[in-house]
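Visitor: Fold the following and give me the result.
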Amino acid sequence: MGSYFDGMLRYFEFSGRSTRMQYWMFYLVQLVLFAVAILADYSWGNLARVSNVDATSLPLTLFVAFVHIIPGITVQVRRLHDIGRSGAWYLLHFVPFGGLVLLYWACCASEAGSNYEGPEVTGYRSRPARAPKASTIPQGVRMGSGRVPTGGRPPSEGRFI
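Guide: Purely as a prediction, here's the structure:
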């Protein structure tokens with residue numbers, strides 16, 4: 001679950017790296033959520049008329065899909081960064097059989113050491129760490145951290161953000 005929450009907390013973050021475990025656990029939890037949403041829509045009678053199913057009769061499934069579109073893209077782009085590829089390779093989804101290449105790359109091992117996207121992600125556990133130092137969200141991004149991002153000016157006294 002920690003990998004799933006990591007992907008959701010980094011909703012619009014295309015920079016950085018995601019390990020193989022983070023990538024696959026995010027998609028596993030997403031798959032389970034889709035299955036639960038489809039079963040719930042079916043049990044409420046929304047899918048009872050299979051021949052007349054339209055988009056308005058699948059409210060939970062559509063909700064799960066819309067919530068996971070952007071995080072799914074960002075997790076895959078960060079996974080490409082982890083194996084030493086540019087995030088632009090994500091566009092292979094629009095080429096016939098390009099998704100198979102991306103699937104193969106998702107299964108590849110991480111690039112050892114640092115690359116252009118940052119240092120190697122090591123010691124990642126499936127459970128979130130208790131200490132705030134182990135978070136994958138950069139300190140400058142957290143609200144109320146009190147830390148001034150590089151190049152920024154210090155916040156005025158009494159401001160929260």
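Visitor: Extract the residue ranges of this structure that are flagged as low pLDDT.
Guide: Counting by pLDDT under 70, the chain contains low-confidence ranges at 45-57, 122-161.
Visitor: Please look at residue 64 and residue 39 and confirm they touch.
Guide: No: here residue 64 does not reach residue 39: they are 11.6 Å apart, not a contact under C-beta atoms under 8 Å. Glycine gets a C-beta too; all of them are placed from N, C-alpha and C.
Visitor: Burial check on the closest residue to residue 107 other than its chain neighbours, number of neighbours?
Guide: Leaving aside its sequence neighbours, residue 107 sits nearest to residue 20 (C-beta to C-beta, 6 or more residues apart in numbering; 7.4 Å). If you count neighbours by other C-beta atoms under 10 Å, residue 20 ends up with 16.
Visitor: burial count for residue 119?
Guide: There are 10 residues near residue 119, going by other C-beta under 10 Å.
Visitor: And it, how close does it get to residue 90?
Guide: Separation of residue 119 from residue 90 (C-beta to C-beta, to the nearest Å): 22 Å.
Visitor: cool, residue 32 as well?
Guide: Relative to residue 90, and taking C-beta to C-beta, residue 32 is found at 24 Å.
Visitor: who has more neighbours, those two?
Guide: Under the criterion of other C-beta under 10 Å, the comparison of residue 32 against residue 90 puts residue 90 first, with 18 against 11.
Visitor: what comes up buried for stretch 69-86?
Guide: Within stretch 69-86, the residues scored as buried using 16 or more other C-beta atoms under 10 Å are 71, 74-85.
Visitor: nearest to residue 28, of the residues you listed?
Guide: Distance to residue 28 across these (C-beta to C-beta) is lowest for residue 75, with 11.8 Å.
Visitor: Give the next helix or strand downstream of the helix or strand containing the closest one.
Guide: Using DSSP states H and E, residue 75 sits in helix 59-82. With elements assigned by DSSP H and E, the helix or strand that comes after helix 59-82 is helix 98-107.
Visitor: and that next one with helix 59-82, angle?
Guide: Orientation of helix 98-107 against helix 59-82 (axes from the mean of the first three to the mean of the last three C-alpha atoms, to 10 degrees) gives an angle of 60 degrees.
Visitor: what helices or strands is helix 98-107 leaning on?
Guide: Here helix 98-107 touches helix 20-43, helix 59-82, going by 3 or more C-beta pairs under 8 Å, 6 or more residues apart in numbering; DSSP states H and E.
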